[in-house]
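Asks: Sequence unavailable; structure follows:
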């Protein structure tokens with residue numbers, strides 16, 4: 001997939017600079033979008049594991065069911081779109097698909113390409129941007145899948161203030 005070059009975005013994947021795992025999200029979502037994500041995981045053949053209260057559940061429930069669980073039970077879906085690349089989705093609210101990745105798993109051009117392919121697959125399925133920003137900094141995305149361009153791009157830094 002054409003687009004990002006490691007040398008141009010390396011700073012966004014530096015764990016020492018970015019700190020904690022970045023926040024990734026799809027805003028303006030719905031339970032139907034969550035279900036589309038679950039369907040994508042299954043159709044893509046990505047390895048996954050669903051858990052509640054830290055206990056693995058043998059099969060992934062429908063999105064509406066997972067979203068109806070109390071947040072304090074920690075319903076989460078771990079997805080491995082490639083060996084050594086894990087994304088953790090947390091079912092907190094239907095309106096926002098939140099997930100995390102480990103920046104240490106995303107070092108170098110090959111890993112960046114896998115990550116961009118993953119974000120693009122999600123964005124295409126949902127027809128929405130998939131944004132990445134520093135943890136705890138909502139509204140300050142630094143990278144994301146742009147549906148209009150059909151690729152992942154580095155986003156301009158917001159003005160100070």
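Replies: Received, thanks. All values reported here derive from a predicted model rather than from experimental measurement.
Asks: all contacts plus neighbour counts: C-alpha atoms, from now on.
Replies: Noted.
Asks: What is the neighbour count of residue 127?
Replies: Number of residues near residue 127 (other CA atoms under 10 Å) recorded here: 16.
Asks: in this protein, what spans have low per-residue confidence?
Replies: Within the chain, the ranges that satisfy pLDDT under 70 run 1-2, 19, 137-139, 158-161.
Asks: go with 90
Replies: Along the chain, the model assigns pLDDT under 90 to residues 1-3, 14-23, 54, 69-74, 133-140, 156-161.
Asks: could you say what helices and strands the helix ranked longest in it packs with?
Replies: When the chain is parsed with DSSP state H, its longest helix is helix 109-126. In terms of contacts (3 or more CA pairs under 8 Å, 6 or more residues apart in numbering; DSSP states H and E), helix 109-126 is packed against helix 31-44, strand 130-133, strand 143-146, strand 151-154.
Asks: who does the longest strand belonging to the chain pair up with?
Replies: Longest strand of the chain, by residue count under DSSP state E: strand 85-93. Looking at strand 85-93 with DSSP bridges, its partner strands are strand 76-82 (antiparallel), strand 96-101 (antiparallel).
Asks: Pick the most buried one from the ones you listed.
Replies: strand 96-101 (a mean of 20; mean count of other CA atoms under 10 Å).
Asks: Next, the angle helix 31-44 makes with that strand.
Replies: Per axes from the mean of the first three to the mean of the last three CA atoms, to 10 degrees, the angle that strand 96-101 makes with helix 31-44 is 40 degrees.
Asks: Any chance of the backbone angles for the residue nearest to residue 73 when sequence neighbours are not counted?
Replies: With CA to CA, 6 or more residues apart in numbering as the criterion, residue 73 has its nearest non-adjacent residue at 4.7 Å, and that residue is residue 53. Main-chain torsions, residue 53, degrees, to the nearest 10: phi 50, psi 30.
Asks: List the residues that contact residue 53.
Replies: Residue 53 makes contact with 72, 73, 74, 75, according to CA atoms under 8 Å, 6 or more residues apart in numbering.
Asks: what helix or strand is residue 51 on?
Replies: With elements taken from DSSP states H and E, the one containing residue 51 is strand 47-52.
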